[in-house]
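Participant: sequence first, then the predicted structure, then my questions.
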Amino acid sequence: MNDFVGMEELLQDFLLEAGDMLSEVDSKLMDLEKYPEDSKLLNEIFRGFHTIKGGAGFLNATELVTLCHLTENLFDKLRNRELTLSAELMDVIFAATAEVRRMFGALQQSLQPSAAPADVIDGLKAALSGKAIAPVAKSAAPAAAPAPAPGASAPAGADGVDWEKLYNALTGGSDIVAQVGAKRDPEEIKQAINEEESTKKAFGRRASDVPGATVGRREGDVPAKEAKESTIRVDTDRLDQVLNLSGEIGLTKNRLTHLRSNIMQGRNDADTLRELDQSVSQLDMLVVNLQNAVMKTRMQPIGRLFKKYPRLARDLARSLGKDVELVLSGEETEMDKTMIEDLNDPLVHLVRNAVDHGVETVEGRIAAGKPEKSMVELSARQEGDHILITIADDGRGMRPEVIRNKAVEKGLITNEIANTLDESQCLELIFLPGFSTKDEISSVSGRGVGMDVVKTNIQKLNGSIAIHSEPGKGSVFTITLAILPVLILRLGEQSFAVPLSMVREILSVTPEQLQQVSGRATMVVRGEVLPVLPLAQLIGWEQSGSPEVGVLMQFGNNSFILSADGFAGHDDVVIKSLDTFRPKGVAGVTMSSEGDIVLILDIKELLSDVRGH
């Protein structure tokens, strides 16, 4: 069914622009709650609803127009000081924006959206007339109806599904408990935590347990599409760079075509061959630059994802009776668009976990001598060739012994294994499927679904997640993502990796090609004299034999040749940080496809040592 026949292009343009605008409105609403007297914010939010209403009018989306019109009128009164902002009024406004987003979901399905719930419309009208505002049902609350506890008997639902049987079918009943509990080696229990197969069993118990699933859905609602966006916004400077490189490649192609014609006519003198060599090298360099430029067009600031979470934290904190502020930092950190999309579900779980489990109630914080308002910080930063995302809270923290005892109580591990785990391994138990510190299942948590899903999704991104927690002070979850295309070199039996982005060419190196200039080895490449730096010398190894390959590398404005015994191709690797011990000049390690350890070189640090001498 399509209610927008002949208007598909207009509909898609509206959804793209209005979706971004609604996200901006949500973000500004969070700021408005902190600064209710800010007239600039009030005007910007008013214009946002007015613009969405105008676009909806073109599409004849009557119910969306009605909702936006009421909300627009409300902000008109607020900016004219005819109304005063309160927590109850903010609840009504947030409920209205949640309904607007639900209506966008219907539009994405090419269906006219159904009317907003009566309590939302009545709340807006009551606010406009200055009457007392009745509480609005939180249909967009990030929770679902309680599910039967594992092992508890539950009748078949109204839809005819026996959730207990479905749960046992998906999780294998108590098999996983027996499987994990039978292990005796603490390293094996860590492996069990990482096993993808066991973690997969946490998926699909109920639609509401799956990250990103729509919950609290009313009859007749149309869910928003979960499909990934097929569009991307690119900075014009980056597009200009791609166009310029494409033009230069076209000119080089024309030059090669001309040289080919000359060679076909029998002109193969030294000048023609030298020009051919130069043109091919130039084309090679331009293609590499074009590839890098195109890859950069997929890079997006992570702030576009982060801005979704303050509203999530605010709504959840209100439903739990907590006072929580989510602070964002590092929003300008850039990541690949696909990776940003795949991070959404894990970050939703971690933010919810921090608000639900991490921070205390207002009463609890006062009793602990803490400020009433809890602070949760979501930050991102780039360190070398990897991205660090942290979710930190100033809450109650986690006690390793409590987690260990709870895992034993739930039958996830045996007493024997529990006694062999250190504090760090105890904290990692929260990633086990079925683990929860809550005895009662609520609409927010208690099913033991969440952290195991987080770890699985992070591992799918070739990343890792670590926990640091201090009882009484708070917890920090750190996600490390490090994907790097590298060229793998061999020095003796050891493999080393250098960033592929620095590599321009691979050359053969013979003693006859090497020349000594001021006591240092050099090599002439297309008329340019370049220093040759043996890899063994850079890392302080004794050189055995003569290097056979050289890698023409460019670092900043400097070019040099890195010589080694051989190379083993290129690969996309994940950097594993060396936190406790990091040799100088080594950025991290990875594993080759054959299972060998590969040291990833920090070229900048190695070159600084050379310059220092």
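Facilitator: On my side now, so go ahead.
Participant: in the stretch 451-600 of the chain, where is pLDDT below threshold?
Facilitator: Residues of the stretch 451-600 of the chain meeting the criterion pLDDT under 70: 462, 482-484, 556, 571-582, 591-595.
Participant: what are the contacting residues of whichever strand or helix holds residue 127?
Facilitator: When secondary structure is defined using DSSP states H and E, the element that contains residue 127 is helix 118-128. Applying CB atoms under 8 Å, 6 or more residues apart in numbering, the contact partners of helix 118-128 are 66-67, 70-71, 73-74, 77, 83, 89, 92, 95-96, 99, 115, 132-134, 136-137. (C-beta placed from N, C-alpha, C; glycine too.)
Participant: among the residues you listed, which ones are buried?
Facilitator: Burial by neighbour count, judged by 16 or more other CB atoms under 10 Å, picks out 66-67, 70-71, 73-74, 83, 89, 92, 95-96, 99, 133, 136 from the contacts of helix 118-128.
Participant: okay, and which of the residues you listed map to helices?
Facilitator: Per DSSP state H, helices hold the following members of the buried ones among the contacts of helix 118-128: 66-67, 70-71, 73-74, 89, 92, 95-96, 99.
Participant: what segments of the stretch 251-400 of the chain are strands?
Facilitator: For the stretch 251-400 of the chain, the strands defined by DSSP state E, counting those that start in this stretch cover 299-301, 324-329, 334-336, 374-383, 386-393.
Participant: so which of those is nearest residue 457?
Facilitator: Nearest to residue 457, of all the strands of the stretch 251-400 of the chain, is strand 386-393, at 12.7 Å by CB to CB.
Participant: pull out the buried positions in the following helix or strand past the closest one.
Facilitator: Beyond strand 386-393 on the C-terminal side, the first helix or strand identified by DSSP H and E is helix 400-409. Using 16+ other CB under 10 Å as the test for burial, helix 400-409 gives 400, 403-404, 406-408.
Participant: just to revisit the earlier point, closest to residue 589 out of the strands of the stretch 251-400 of the chain?
Facilitator: Each of the strands of the stretch 251-400 of the chain has some distance to residue 589 by CB to CB; the shortest is strand 386-393, at 12.3 Å.
Participant: so that closest one versus strand 324-329, what angle?
Facilitator: Orientation note: strand 386-393 sits at an angle of 160 degrees relative to strand 324-329 (axes from the mean of the first three to the mean of the last three CA atoms, to 10 degrees).
Participant: who does strand 386-393 pair up with?
Facilitator: In the sheet containing strand 386-393, the strands it pairs with under DSSP bridges are strand 374-383 (antiparallel), strand 474-481 (antiparallel).
Participant: pull the residues that contact that strand.
Facilitator: Defining contact as CB under 8 Å, 6+ apart, one finds that strand 386-393 is touched by 302, 333, 335, 343, 347, 350-351, 354, 358-359, 374-382, 474-482, 484, 575, 577, 588.
Participant: in the stretch 301-450 of the chain, which spans are helices?
Facilitator: Under the criterion DSSP state H, counting those that start in this stretch, the stretch 301-450 of the chain carries helices at the ranges 303-306, 309-320, 337-353, 362-367, 400-409, 415-418, 423-427.
Participant: now tabulate the ones you listed in a markdown table and tack on mean pLDDT and distance to residue 262.
Facilitator: Supplementary listing: the helices of the stretch 301-450 of the chain in a markdown table, determined by pLDDT from 0 to 100; distance: least, CB to CB, whole Å:
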| stretch | mean pLDDT | distance to residue 262 |
| --- | --- | --- |
| helix 303-306 | 88 | 52 |
| helix 309-320 | 90 | 62 |
| helix 337-353 | 86 | 45 |
| helix 362-367 | 92 | 81 |
| helix 400-409 | 89 | 75 |
| helix 415-418 | 88 | 76 |
| helix 423-427 | 88 | 68 |
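Participant: among the buried residues of helix 400-409, which one sits closest to residue 510?
Facilitator: Comparing the buried residues of helix 400-409 against residue 510 with CB to CB picks out residue 400 as the nearest, at 59.5 Å.
Participant: correct me if wrong: the closest one contacts residue 418.
Facilitator: No - applying CB atoms under 8 Å, one finds residue 400 not in contact with residue 418, separated by 10.5 Å.
Participant: between these two, which contacts overlap?
Facilitator: When CB under 8 Å, 6+ apart defines a contact, no residue borders residue 400 and residue 418 alike.
Participant: how near is residue 364 to residue 401?
Facilitator: Computed as CB to CB, to the nearest Å, the residue 364 to residue 401 distance reads 20 Å.
Participant: if we can go back for a sec, ok, which of the helices of the stretch 301-450 of the chain comes nearest residue 455?
Facilitator: The closest approach between residue 455 and any of these, judged by CB to CB, belongs to helix 337-353 at 8.3 Å.
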